[in-house]
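# next one to model:
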Amino acid sequence: MGVLESIGIRIIMDVGKGAIKLVPHAIAKQRVQKFFGKSVFGDDFYIVIDPYEHPIPRSTMRIPQNRYVKKFFGRKPDGGLIGEDKVLGSCHLRTINYAISFFAKFRNPLNPIKIVFDEDVLNIWDGGFLCIGSADSNIKTYDIEKLKENNFYSLSWNENGGRCFDVRGTIYNIENNEDVGLLIKLRNPRHAEHALFLCQGLGEWGSSGAVYYLFHNFINIYKSAKGKDFCKVIRTRIGSDDSAHEIVHISEQ
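Residues are numbered from 1 along each chain as shown. All right, here's what the predicted structure looks like:
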């Protein structure tokens, strides 16, 4: 066999191996689009996070007034900060990382997934939405929760005056050092080609645990959903997203 023939065979083999590797990726990408909706690889799919503000505006404060405390863990005395007007919880760093890491495997790197504040999409419904945080803090979650198509749950109050989830008559609370989260998928009633997702907790670990569970168990969730709307109740040990586990699954018939 000549040198050119040998090189040609090697090229064909390498191309073949590359093509074989592309098949599982193509199947996975198709599943992601079928699950999250046609918008998931376009510009009209949004991950919605919920900033909040200190009641004392920065512009009205006088130095050395402070709104926040920065802990230095013994390196020097803890210090006061005026801080930013809009802030995010620490769980957002975790949830955004989970989401970006997942979608980056399937999206064009020049067109990354959109992460927006809830106030930026107040009146937008023509798209797919993945909302992180409960109706107490995320306006888009609140609007989706109030849709008549949501017959899975409501955010309620327990007998001790604390927040709880009422999932079709069953009450779920934070207990035994475990937060509770909900992972919900609904068809967008105003634009049926899109889907609505809620990843929310009673506390921050319920929210981040629900996001972790979604992206680290996607294949199983995809298969169990079978294209239907669903609600999953997730328990997460406070301080440990990777402890997130499903305790209840409700699916529309």
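
# show me the helices in the stretch 151-253 of the chain, by range?
Listed in chain order, the helices found in the stretch 151-253 of the chain under DSSP state H, counting those that start in this stretch are 204-216, 218-225.

# tell me if residue 143 really is in a helix.
Yes - under DSSP: H, G, I helix; E, B strand; the rest coil, residue 143 sits within a helix.

# count the residues that sit near it.
Using other Cβ atoms under 10 Å, residue 143 has 18 neighbouring residues. Where you see a C-beta, it was placed from the backbone N, CA and C, and this is true even at glycine.

# what do you get for residue 160?
Look at residue 160: counted by other Cβ under 10 Å, it has 7 neighbours.

# which of the helices of the stretch 151-253 of the chain is buried the deepest?
Stretch with highest mean neighbour count among the helices of the stretch 151-253 of the chain: helix 204-216 (a mean of 26; mean count of other Cβ atoms under 10 Å).

# tell me what angle that helix forms with helix 218-225.
Interaxial angle of helix 204-216 relative to helix 218-225 (axes from the mean of the first three to the mean of the last three Cα atoms, to 10 degrees): 90 degrees.

# what residue is smack in the middle of this structure?
Centroid-nearest residue in the chain: residue 211, 4.4 Å away (criterion: Cα atoms, centre = their mean).

# is it true that that one touches residue 199?
Yes - checked against Cβ atoms under 8 Å, the pair residue 211 and residue 199 is within contact range at 4.6 Å.

# shared neighbours of those two, anything?
Residues touching both residue 211 and residue 199 by Cβ atoms under 8 Å, 6 or more residues apart in numbering: 95, 132.

# pLDDT below threshold where in the chain?
1-22, 253 (pLDDT under 70).

# in the lengthiest strand in it, what's buried?
Ranked by residue count under DSSP state E, the longest strand found in the chain is strand 178-187. By neighbour count on 16 or more other Cβ atoms under 10 Å, the buried set for strand 178-187 is 178-187.

# what is it packed up against?
When contacts are defined as 3 or more Cβ pairs under 8 Å, 6 or more residues apart in numbering; DSSP states H and E, strand 178-187 packs onto strand 163-167, strand 195-201, helix 204-216, strand 230-237.

# just the angle for that strand relative to strand 230-237, thanks.
Going by the same axes, to 10 degrees, strand 178-187 makes 160 degrees with strand 230-237.

# right, and the helices and strands packed on strand 178-187 - which one's nearest residue 94?
Closest to residue 94 of these is helix 204-216 (Cβ to Cβ; 4.7 Å).
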